[in-house]
Every structure is written in structure tokens, then in C-alpha cells.
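Asks: Here is the input, now give the coordinates:
(one chain, ligands or ions: 1)
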Amino acid sequence: MEKRNRWKDAAGLIADSFRMSKANYVTLTVSAIIESAKSILEMMAPAMLVDRITGAGAFGPVLGIVFFYALAVLLADASRKAVSLFSTAFGYKAGNRAALSVGQKGMRIDYGGWEDTETYEGMLRAARSTWVFQNITDLLCENWLASVIALVPVLYILSHVDAFLLLPLSALLLLELFLERKTDDRIYSLEEGRAADEKKLHYNEKVMTDLKYGKEIRLYGAMQAVAEKYEESRRKVFSFQRRQKKAEVQFRVCAAAIACVEGILVYLAAIREYGRGAVTLSFFLMFVGAVRLFTESVKSIVENFEWVRDLAGYYSDYRKFMDGPEGFLAAGQKDEALSGSFDIEFRNVSFRYPGTDEYVLKNVNLTFPYGKKTAIVGENGAGKTTLVKLLLRLYDVTEGEILAGGVNIKEIRYQDYLGLYAAVFQDYKLHSFSIRENIAFQEEGKDGQIWELLKKQGLYEAVKETKRGLDTFLTRELDQDGKDFSGGEKQRLAMVRALYRNAPFLVLDEPTAAIDPIAELKYFERLKEDTAGRTAVFVTHRMASTKFADNIVVLERGEVVESGDFAALVGSGGLFEKLFQIQADFYK
Ligand code: ADP
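Replies: So this is what the prediction gives:
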């Protein structure tokens, strides 16, 4: 895997987050200034009070200082809270914008990338990393900048004290930072194991509470088994948590001991200076406050460096995915091939899925003639769906070429090429959007056409009787008034969506899978009408459904073994006839 430079990523993260929300940097810088002013005031207030009390000052000014101090702290806290109102919103906005970018990029990368585990995982990691944009500004401004500002007066005060006294204090500080680093490493090393078990825990929790698992759980009496699995993963997660907590507690105890020694040293040093008459009582107090602020600020600065480095690690996941190639979308610019009506030809096409060795399609030669209906048949696993994926250029061929009107489809602008097709996939997806949006996405003003198509597909009544017609949501997942259609109805709705697109090529992958034989007969009669004047390719494993096709292509283990029309194939004594007979006998 590519090794990236953390500090370069940190710089990239800061630059990106700055671009996303400059306003957030402004508000949080204001907040940092207020915070550091408050810390400095807290350090100086006791000294100012002592000055007044021990000096000739009257009671009045002392009260004045107390009021001034209380008011200033109140103002500082209130104004920081007010500023945080804006910064929280800005932070969310930056995080959401990053999430949107990941989503948009995800929709642009080659489809094959989604089926490739590494790319897909990369996308998920990028999506999970977008929170860094929400946090980086807080870290930099509120924590880091505030500590740096506070250090200025602190260092000034400490510079007036014998430098020799500061040595043990600095050593203690370094020791604490070292222990903290060790603890973090220990906690981090346990994190991987914990994350793996946590994933199982969440999965098991989902199985218990998600509707979609509910049927099987009840039917197969799996309640006890699932509960035990949940318990087992919970125990493992808990064991990791306990070890992490233990490391943290050990560190906290050490840190407390260090703070105790620090306190003793500071007071001893201050008492010695005061005893020598080197400093005043008020300076004594200011010194104690300054040392406290010094250790706090240095710790915060170092910790924040570490955190920025950690965030840079997440950011590198985001960057890697965002900078990844866009493949098909970026390549191929020709569009002249798309002007007329043309055949699509597979020439010596072989294919294996990326990252696998086995050829799923072998030296396929076939033509989808313009305006004709082609059926692709074959048994399960023969390569039918894969052939469709290549036709739609969801993948590129491994060898050979696919030509559209004589032009290699790799040279054609991808969006234009996809624009030629409407498809209903075997595993088609409808969305929890309105019926209109499912069919026309964002296009408006074509309701007449939609109703017409619904009528043709026998869905008119089903949609008409809903409360809100085309505005009705599919499923009730996002809307109580949504409608749950039956499997067959949903498939017909997917067909309406494909026909609405009015594309010259229609591809149907196992369109009758969810339909009974009688409905299937009607379906194919209608299909002939629906696809009149268009080139249609449909995939099926039911031989009888291919009667109306102009040409039938028979696939067996990735190879074209026969082709011709129904009459020719059914009398040929080949694979088609054999499969047809088996299926016919079954239906008898
Ligand atoms: P059919 O549609 O004829 O049932 P497919 O085209 O779905 O066949 O599958 C053909 C072969 O390709 C099968 O052996 C299947 O396991 C394999 N295959 C399908 N999809 C993938 C994938 N994404 N990665 C690797 N192999 C796959």
C-alpha cells in the first residue's frame, strides 16, 4: 500500500478544511482569543487581589476586582457559548460537504469498483473519515491556538524565575507526555481487535432489531442462537474495553502523582524565592498560577499535534479515495457513433472479473442488430448477466472489443454511451422516493406520459387508488402513507421506469423472475409491443420465453454454443432443445 506522509496530509487537511469553511476559522479564532484571555485572567486575579489586600488599598477596590473578575469570566464563558453556536453549525456543514463529495465521487467511479472489495472498502473508509472536517478547526483554533496565546505571558513570568527551578518541572512534564504517549499506543494497539468484535456486536444487534431479519429469526427459532452470539461478541468487546480502561487508569494515577510532585516543587520553589525576598507575595501567587498554565498549555499543544496527526491519518483515507481515478467517465470523448441507428457487436470478447483468474466469458462473437430482439439464454452461471454488464459497460472487456456502429465503445463518451440504454436488472432497485421520482427522477411535467405507461403495464389502478397518486412514496420506510407494492408490481414499475427513458436500446435481465407463468405470457406479448422500433436484449433461463425473439444466443460456461431463431434452435438437437424439453416436461 502507498505510504503517505502524515504531515503532508495534515497540511492538506487544514487547507481543505479552510477552503470548506473559512468562517469557521474566523469564529473559532475569536473563541480561542477569548479562552486564552480568560486563562490569563484566572492566573493573574489572585495576585491582583493580594496586591490590593496587602497594599494600602481600601475595601472598595478589592470588591471591584472581585466583581470585575466574576463579570469577565461570565462574559468570556457566555460569548464562547454564543460563538460555539456558529462554529458547531459551520463544523457540521464542513463535515456534510465532505460526505457529499464522497457520495458524488462514489456515484462517478466505475461500477466495477463497487464490486471490487478494495475500492469499495476505500469508499466506506473515506465516508467514515469525513468527521475530521468537523473537528480539525476546533483542534487548531480552540485548543492549539488558545494554548499558544496563553503561553506568551506565562513564559514572560517564568523568565523572571531562576531557570534552574524550571528544570525539574520540565523533566516532570516530559515524563508525563512520554507516559501519555505510551498509554495511547497501548490503547490504539487494542483498538483493532476491539473494532473487529464491535462490528460483530453491531451486526448481531441489527439482526435482533431489524425488520428484514425478522421472518427467518422467528421461523427458524434462531432467537436463542442470535442472543448468544450477541453475548459472545459483547464479552469480547468488553474484554478489550477493560484492558483499554486499565491502561488509561494506570496513566491517570501516574499523572496524578506527577501533578502532586509538581505542586510540591512549585510551592517549595516559590517559598524559597519569597523567603529570599526575591519576589513579592503577589508574584508568588502569579508564579504558581503560571506554572499550572504552563504545564496545561504545553500538554495541550503537544496533544493537539498528535491529534492533528491522527486526523491526518483519517484524512488520508478520504484523500486517497477522492484522488482515485474516475476511469470510464474521464476517458473516451467520441460521440459521432451515437448519431444514427447502429448494431452493437461483440468481437472476440473474453472477460474475467478484476482480481480473479477464471474467464467468465470466452471469445464471444455476436451482434445485436439494430431494431431486433435478441434473447440470451443459458443455465445459471453461464455468464448471461456478465455479458449484459459488458454491454452496458459497467465493466471493460479483458480481451477483444465491443463496437457500437463500428466504434470501440471505450472511445465513446461514457455518459453518452449509457444514455443509449434503458435497463431492468435482475436485482433492480427502486427507491423510497415518490412514484414519480422513481420513474422520472428529477424530470417534471411529464405526468401524462407516466400515467400512460402505468396503464400499459397494468399499474394504473394500483397507483390511482393511493392517497397521493404519483406523489405516493414507495414503501413505508420514509413515509407512513407510502405504498408497498407486490414483487410483480415492483418489477412492472421498474419496467415503466425503463420505458419512460425512451432509449433506443432496452436491456432486460431475467425480467420474469418474479412473475407467474401466465403473467409471463402476457408480459412477453406486451414486451413485443413495448419495444417496437427499438433494439432489445433480454436475458432469461426459460427457453419458452424466447419464441418472439428474432435471434437467440445460447451461452454455456461463458461460450456462445448456438444461435438462431426459435424454430431453428428447437429442431437442432443442441443445448437449447435439450433445455427446452426439460423445462417443457417440468411444466407439463
Ligand atoms: P448468469 O447470469 O448466467 O447466471 P453470471 O454472469 O451472473 O451468470 O455469472 C457468471 C460467472 O461469473 C459465475 O461463475 C459467477 O460466479 C461469476 N461472477 C459473477 N459476478 C462476479 C463478480 N462480481 N466477481 C467475480 N465473479 C463473478
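
Asks: Flag every residue of the stretch 301-450 of the chain that's near the ligand.
Replies: Selection of the stretch 301-450 of the chain residues close to the ligand by Cβ under 6 Å from any ligand atom yields Tyr353, Thr356, Val360, Gly378, Asn380, Gly381, Ala382, Gly383, Lys384, Thr385, Thr386. C-betas here are computed from N, CA, C, even on glycine.

Asks: Can you give me the buried ones in stretch 444-454?
Replies: Residues of stretch 444-454 classed as buried by neighbour count (16 or more other Cβ atoms under 10 Å): Gln449, Ile450, Trp451, Leu453, Leu454.

Asks: now, among those, which is nearest to the ligand?
Replies: The ligand lies nearest to Leu453 out of these, by Cβ to the nearest ligand atom, at 27.2 Å.

Asks: Helix or strand: which one has the closest one?
Replies: Element membership for Leu453 (DSSP states H and E) is helix 447-456.

Asks: And the contacts of that helix?
Replies: Ile435, Arg436, Ile439, Ala440, Tyr460, Val463, Leu470, Val496, Leu499, Tyr500, Arg526, Asp530 (Cβ atoms under 8 Å, 6 or more residues apart in numbering).

Asks: after it, next one along is what?
Replies: Using DSSP H and E, the first helix or strand after helix 447-456 is helix 460-464.

Asks: next SSE after that following helix?
Replies: With DSSP H and E, the next secondary element past helix 460-464 is helix 487-500.

Asks: confidence score at the closest residue to Leu403 other than its chain neighbours?
Replies: The shortest distance from Leu403 to any non-neighbouring residue, by Cβ to Cβ, 6 or more residues apart in numbering, is to Glu345 (4.6 Å). For Glu345, the model assigns a pLDDT of 95.

Asks: next one: Asp479
Replies: Reported pLDDT for Asp479: 80.

Asks: cool, and Trp114?
Replies: So, for Trp114, pLDDT stands at 76.

Asks: Just give the nearest non-adjacent residue to it, would you?
Replies: Nearest-residue entry for Trp114: Tyr120, 5.5 Å, with adjacent residues in sequence omitted and distances by Cβ to Cβ, 6+ apart.

Asks: quick one: which two of the residues of the stretch 301-450 of the chain next to the ligand are the most distant?
Replies: Farthest-apart pair in these is Thr356 and Gly378; separation 19.5 Å (Cβ to Cβ).

Asks: So which of the two has more stuff around it?
Replies: Between Thr356 and Gly378, counting by other Cβ atoms under 10 Å, Gly378 is the more crowded of the two (25 against 8).

Asks: what's across from the closest residue in space to that one that isn't next to it in sequence in the sheet?
Replies: Counting by Cβ to Cβ, 6+ apart, Leu555 is the residue found nearest to Gly378 once chain neighbours are left out, at 3.6 Å. Legend: beta-bridge partners of Leu555 under DSSP bridges are Val560.

Asks: Hmm, Gly381 and Leu555 touching each other?
Replies: No. Assessed by Cβ atoms under 8 Å, Leu555 is found out of contact with Gly381, at 9.8 Å.

Asks: if you look at stretch 560-574, does any of it touch the ligand?
Replies: No. If you take Cβ under 6 Å from any ligand atom as the test, stretch 560-574 misses the ligand, and the best it gets is 12.6 Å.

Asks: And for the residue of the stretch 51-200 of the chain found nearest the ligand, nearest residue in space, chain neighbours not counted?
Replies: In the stretch 51-200 of the chain, the residue that lies nearest the ligand is Glu115 (4.2 Å; Cβ to the nearest ligand atom). Leaving aside its sequence neighbours, Glu115 sits nearest to Tyr353 (Cβ to Cβ, 6+ apart; 7.3 Å).

Asks: I'd guessed the residue nearest to Trp114 sits against Asp110; true?
Replies: No. Contact criterion Cβ under 8 Å: Tyr120 and Asp110 do not qualify, at 11.6 Å.

Asks: What values do phi and psi take at the residue of the stretch 401-550 of the chain found nearest the ligand?
Replies: Residue of the stretch 401-550 of the chain nearest the ligand, by Cβ to the nearest ligand atom: Val539 (6.7 Å). Main-chain torsions, Val539, degrees, to the nearest 10: phi -100, psi 130.
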